[in-house]
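Participant: Structure for the following, please:
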Amino acid sequence: MRFYVSTAFLNTRETIEIARAADELGYDGVGIPDHVVNLETLDTPYPYTKDGQRRWQPFTDWPDPWVLVGAMAQVTSRLRFVTTVYIPGMRNPYSTAKAIGTAAVLASGRVELGIGVGWCREEFALMGERFDARGRRTDEIVALMKALWQPGWTEFEGEFYRAPRLEMQPTPPPIPVYVGGLSDAALRRAARNDGWIGDLITTDRAIEAVGRLRELRAENGLSFDDFTVLTPLTDAFTAADYRRAADAGISGIITMPWLFYSGSDASLADKIDGMRRFRKDLGLDD
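Facilitator: Numbering: from 1, shown residues only. Sure thing, here's the model as predicted:
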């Protein structure tokens, strides 16, 4: 079982020290969420709460993930960086591929691209991108970026994007692609790629998703052995809870360890102390 520390809702300046501490303490990775802006009013309901309200308050920090990875990579040596999740369909695919590829080079291949198709129609409109057909566009953007990340000349001909013969440097190391979402379309998209990222979810619901992902991988003639499942678990607190998750095929947990000890208002020192205590209490350093 791998453990990733989430940087969601942190002060941007804290994230570097959190990453440094996570690397030193033996955590496997850092999870980085993504929004470009936070609009004051939305007609689109937030899909991950019962009342449709957002989980964060106005003026919460949402640093650019790839700038953040470039900075955190310089103070760490083994920590991996996964986006939870990034929305390619909201961006120009060429500048997106350039940013991700550059971050992967600076991190010496420690980048894992977690993606989603997006839920906020208003944010898409602000960015000048179509909200409709965003699933198909996301699939095509991923294919285009993978082509751009290959060495040598490349061309691309798709439904939405066309690239003449060109090359993009620097060429990054391989970047695995994980897909977020619980809909059948999201699980199917994840099964075609390298992994799945869950949202706040119970262990039983995550295990149910893993079962469906196993079926979909098999339908595609793909092994589940090299497939990654990363998720927060709302009801896992003990070593036995995490062993149950691992036995079911969950590869890694995304967590904010300080919440178990100091709550959401913890100081930076308290956060790092919580990260240390979490590993000790689970026997991860034995």
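
Participant: Give the helix, strand or coil label for F237.
Facilitator: coil (DSSP: H, G, I helix; E, B strand; the rest coil).

Participant: ok, now which ones touch the nearest residue to it once chain neighbours are set aside?
Facilitator: Distance criterion CB to CB, 6 or more residues apart in numbering; nearest residue to F237, sequence neighbours excluded, is F260 at 7.2 Å. In short, each C-beta sits where N, CA and C put it, glycine included. Residues in contact with F260, defined by CB atoms under 8 Å, 6 or more residues apart in numbering, are 237, 274, 277-278.

Participant: among those, which ones are buried?
Facilitator: Buried subset of those (neighbour count, 16 or more other CB atoms under 10 Å): 274, 278.

Participant: nearest to Y161, of the contacts of F260?
Facilitator: F278 (43.1 Å; CB to CB).

Participant: Which helix runs longest in the chain?
Facilitator: Longest helix in the chain, counting residues (DSSP state H): helix 203-219.

Participant: after that one comes which helix or strand?
Facilitator: strand 228-231 (DSSP states H and E).

Participant: Just the closest of the contacts of F260 to G29, please.
Facilitator: Proximity of these to G29 (CB to CB) peaks at F278, which lies at 14.6 Å.

Participant: Check the closest one and give its pLDDT.
Facilitator: In this prediction, F278 carries a pLDDT score of 98.

Participant: again with G118
Facilitator: For G118, pLDDT reads 96.

Participant: wait, it sits on F124?
Facilitator: Yes: when contacts are counted by CB atoms under 8 Å, G118 is listed as touching F124 (6.4 Å).

Participant: Need the overlap of contacts for the two.
Facilitator: With CB under 8 Å, 6+ apart as the test, G118 and F124 both reach 89-90, 131, 134.

Participant: Counting neighbours, which bits of stretch 221-237 end up buried?
Facilitator: 227-233, 236.

Participant: whoops, stretch 13-31 was the one
Facilitator: 15-25, 27-31.

Participant: List the contacts of it.
Facilitator: 2-8, 10, 63, 68, 71-72, 75-84, 112, 114, 230, 252, 254, 268, 271-272, 275-276, 279, 284-285.

Participant: what's the answer for stretch 91-103, then?
Facilitator: Here stretch 91-103 has contacts from 65-66, 69-70, 73, 81, 88, 111, 113, 127, 129, 141, 144-145, 148-149, 161, 168, 170-172, 175, using CB under 8 Å, 6+ apart.

Participant: I appreciate the help and will end here.
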